[in-house]
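J.: please work out how this folds:
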Amino acid sequence: MSSPGSDARRAPRTRVSPRRTPRQERSRATVERILEAGEQVLAEHGYEGASTSRIATTAGLSPGSLYQYFPHKDAIVLSVLERYSDQLVAGVTAQMTGQFEQPAPVIVRATLATLLDGLDVEPQFLRAAIVHGPQLDDGRALRVFEDRIGELVLAYLTTRREELRPDVSLPTAAWMLVRTVEHLTVRYLLDRPPIPRDLFLGELTQMSLNYLRGTT
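T.: Coordinates of the predicted model:
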């Protein structure tokens, strides 16, 4: 039986995808069990404390059954993080859809609150997503998440072009906003500074609006 974290030393970094794509309902259910277990193990033990044996035990499977679907720990972790990313994007998309006519402070704050809620998971899991996730598959999962959120932000900024400072480049603004907000939100959740949530959201909203509108 491997010790926690030993998979990371043995796992080939060149292949991070699942071993096979499940087509039957039973196989899809098994993969879902593995991903649920992987998320639980990451939340409780972090990336370094996770192992295929620990994930298999949590899923109620033998290591051999797990290896039928995932070649090593990193493939499971990446799939867990991709699913988590999809959930975050879906939440932000649902919040922004049909709300572009709302006053800018309202929709910006509501969108930031949705992102904050989505990122407010167990610290061990968040660290795995932010610190170790970018090391897997050359950071593709994180880039996909940032790009998808960036597309939503760019679409919103396009509808509000007349309200923004005239010299702002919309693609540049979307890129910078997504990564600035992401970094500050993650630091807020991991560091837990003595700043009330509402105050943090208010300051982050104002900072974003000031950047977009400029100062008079």
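
J.: hang on, Thr58 packs against Gln40?
T.: Yes - using C-beta atoms under 8 Å, Thr58 is in contact with Gln40, at 5.7 Å. Heads up, the C-betas are built off the backbone N, CA and C, glycines and all.

J.: spit out the contact partners of the residue nearest to the spatial centre of the chain.
T.: Closest to where the C-alpha atoms of the chain average out (C-alpha atoms, centre = their mean) is Ser85, at 4.0 Å. Counting by C-beta atoms under 8 Å, 6 or more residues apart in numbering, Ser85 touches Ala141, Leu142, Val144, Phe145.

J.: in this structure, which spans are strands?
T.: Here the chain has no strands by DSSP state E.

J.: what stretches of it score poorly on pLDDT?
T.: 1-23, 215-216 (pLDDT under 70).

J.: per-domain residue ranges of it.
T.: By the assignment in automatic domain parsing, the chain contains the domains 6-73, 78-213.

J.: chain center to the shortest one: distance?
T.: This points to domain 6-73. Domain 6-73 sits 19 Å away from the centroid of its parent chain (C-alpha atoms, centre = their mean, to the nearest Å).

J.: start to end distance for stretch 154-165?
T.: End-to-end distance of stretch 154-165 (C-alpha to C-alpha, to the nearest Å): 15 Å.

J.: run through who's touching it.
T.: Stretch 154-165 is contacted from outside by Met96, Phe100, Ala104, Ile107, Leu170, Pro171, Ala173, Ala174, Leu212, Arg213, Gly214, using C-beta under 8 Å, 6+ apart.

J.: try 7 Å this time
T.: Met96, Phe100, Ala104, Leu170, Pro171, Ala173, Ala174, Leu212, Arg213, Gly214 (C-beta atoms under 7 Å, 6 or more residues apart in numbering).

J.: and of these, the nearest to Thr114?
T.: Met96 (8.5 Å; C-beta to C-beta).

J.: next, count neighbours for that closest one.
T.: Residues near Met96, counting by other C-beta atoms under 10 Å, number 20.

J.: residue contacts, the closest residue to Ala128 other than its chain neighbours?
T.: Using C-beta to C-beta, 6 or more residues apart in numbering and skipping residues adjacent in sequence, the residue nearest Ala128 is Tyr47, 4.2 Å away. Residues near Tyr47 by C-beta under 7 Å, 6+ apart: Val77, Ala128, His132.

J.: which parts of this structure are helices?
T.: Here the chain has its helices, by DSSP state H, at 6-10, 25-49, 52-59, 63-67, 73-96, 104-119, 123-127, 140-159, 170-191, 197-213.

J.: what is the last one packed up against?
T.: This means helix 197-213. Contacts defined by 3 or more C-beta pairs under 7 Å, 6 or more residues apart in numbering; DSSP states H and E place helix 197-213 against helix 104-119, helix 170-191.

J.: out of the ones you listed, which is closest to Arg197?
T.: It is, among these and with distance given as C-beta to C-beta, helix 104-119, at 7.4 Å.

J.: give me the buried positions along that closest one.
T.: Neighbour counts over helix 104-119 (16 or more other C-beta atoms under 10 Å) mark 104, 107-116, 118-119 as buried.
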